[in-house]
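Peer 1: fold the following and give me the result.
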Amino acid sequence: MKNGKKGKFRAGLLPVAMIMILSLLAGCGGNNNANTPAAGAEASASPETAATAEPAAEPVTVKLQLKWVPQAQFAGYFLAQDKGYYAEEGLKVEILPGGPDIVPEQQVAGGSADIGVDWVASLLTSQEQEMPLVQIAQIFQKSGLVLVSKKDAGINSPADLKGKKVGNWMGGNEFELLALFDKYQLDSNKDLNFTKQGFTMDQFLGGELDAASAMTYNEYQVVLESGVKAEELNVIDMNDEGVAMLEDNLFANKEWLEDNKETAAKFVRASLKGWKDAIADPEAAVDSVMKLAEEGSTTREHQLTMMTEVAKLIQPEGFDIAKLGYTDAAAFQQTADIALKFGVIKEAADVNTAFTNEIVEMAAQ
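Peer 2: Sure, this is the predicted structure:
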């Protein structure tokens, strides 16, 4: 009976206790529990709550300096911009056009840009001049440089360049050709007339040059578009001759990179995404290019052909697209060796500090 009475007593008090607890909760309004909103909170926040909400983070600005004017050579960056890939990473990317008087390494070293695009040989020269630069990604996996000649010039192999007038833009673009001449024991000062070439193909088309330098994605296409047929030409490919040097890369200011590795990785991730899309959809890539190309400077057809050829350099046959952006140590070393042999740099480059794959690896995570 004793236990029975205690049970009856508790049963009688339970409703009263529940009422008191509910009253206390009602008075508190549930505000002591941040995870349990008060009635109606889902519908509208109080003015006080709205005022104290944190504003959205401002996007981080990154300035990209191109090697040349807007064209399909840089389509991946333009497409990444148009598709919002940089914005998705919290970045505001400013793409700065290049030109004949702009040296991307100088712009990045001086702080006018954060990341630049150029050829590896040019980067090596700047590094030797103690500019605080490091390569963070390799975009082109093959060289696009060729020597083109008309068949009636009789240049069927590099050995036939002896006694011929051969053109190149110079200014750092000539070193693959110097390596080619050396391979065939040709002195560029005695065995042939090695001369400066303009940025058009007029000298070649007008017969002033026996052989002219051309990029597969640009000048070579200009020759074809002029009416010369491919079967009327001979082409010497630097890749086939084993003297190719790495070209379009991404490099950054070391001092900037030290404090902005995450930002750099976000930029690289979005850029590589843009390049993969550009390869898969050349039409969309050219849409992005034509928005920025100077009116009358090019045609959509030319840019579409350029994009098709650029894709072959970024993703050569057999190349795993998942490795896009990684710098191949052997290819980089070959470029550095050629640069040393022909005086681009005076001392052997330290490839261990000249480039890093850390940023690409971070971007892949």
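
Peer 1: hmm, who's touching stretch 65-75?
Peer 2: Residues from elsewhere that reach stretch 65-75, judged by CB atoms under 8 Å, 6 or more residues apart in numbering: 77-78, 95-99, 102, 104, 107-108, 112-113, 115-119, 217-218, 248, 274-275, 278, 285-286, 288-289, 292-294, 297-298, 303-304, 306-307, 310. From N, CA and C alone the C-beta is placed, and that goes for glycine too.

Peer 1: if any of these are buried, put those into a PyMOL selection.
Peer 2: Here is the PyMOL command that selects the buried residues among the contacts of stretch 65-75 (16 or more other CB atoms under 10 Å):
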select buried, resi 77+78+95+97+98+102+104+107+108+113+115+116+117+118+119+217+218+248+274+275+278+285+286+288+289+293+298+303+304+306+307+310
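
Peer 1: now, the contacts of stretch 65-75 that are in helices?
Peer 2: Per DSSP state H, helices hold the following members of the contacts of stretch 65-75: 77-78, 104, 107-108, 274-275, 278, 285-286, 288-289, 303-304, 306-307, 310.

Peer 1: if you go through the stretch 1-150 of the chain in chain order, where are the strands?
Peer 2: 60-65, 91-96, 115-116, 133-138, 145-150 (DSSP state E, counting those that start in this stretch).

Peer 1: single out the most deeply packed of these.
Peer 2: strand 115-116 (a mean of 29; mean count of other CB atoms under 10 Å).

Peer 1: which other helices and strands does that strand contact?
Peer 2: Applying 3 or more CB pairs under 8 Å, 6 or more residues apart in numbering; DSSP states H and E, we find strand 115-116 packed against strand 60-65, helix 104-109, strand 249-253.

Peer 1: could you give the angle of the last one to strand 60-65?
Peer 2: It refers to strand 249-253. 120 degrees (axes from the mean of the first three to the mean of the last three CA atoms, to 10 degrees).

Peer 1: helix or strand right after strand 249-253?
Peer 2: From strand 249-253 onward toward the C-terminus, using DSSP states H and E, the following helix or strand is helix 254-259.

Peer 1: report the buried residues of that next one.
Peer 2: Quick answer for helix 254-259 (16+ other CB under 10 Å): 254, 256-257.

Peer 1: got TSV for the strands of the stretch 1-150 of the chain, with mean pLDDT and distance to residue 179 too?
Peer 2: Converted to TSV, the strands of the stretch 1-150 of the chain look like this (pLDDT from 0 to 100; distance: least, CB to CB, whole Å):
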stretch	mean pLDDT	distance to residue 179
strand 60-65	98	27
strand 91-96	98	31
strand 115-116	98	24
strand 133-138	98	19
strand 145-150	98	11
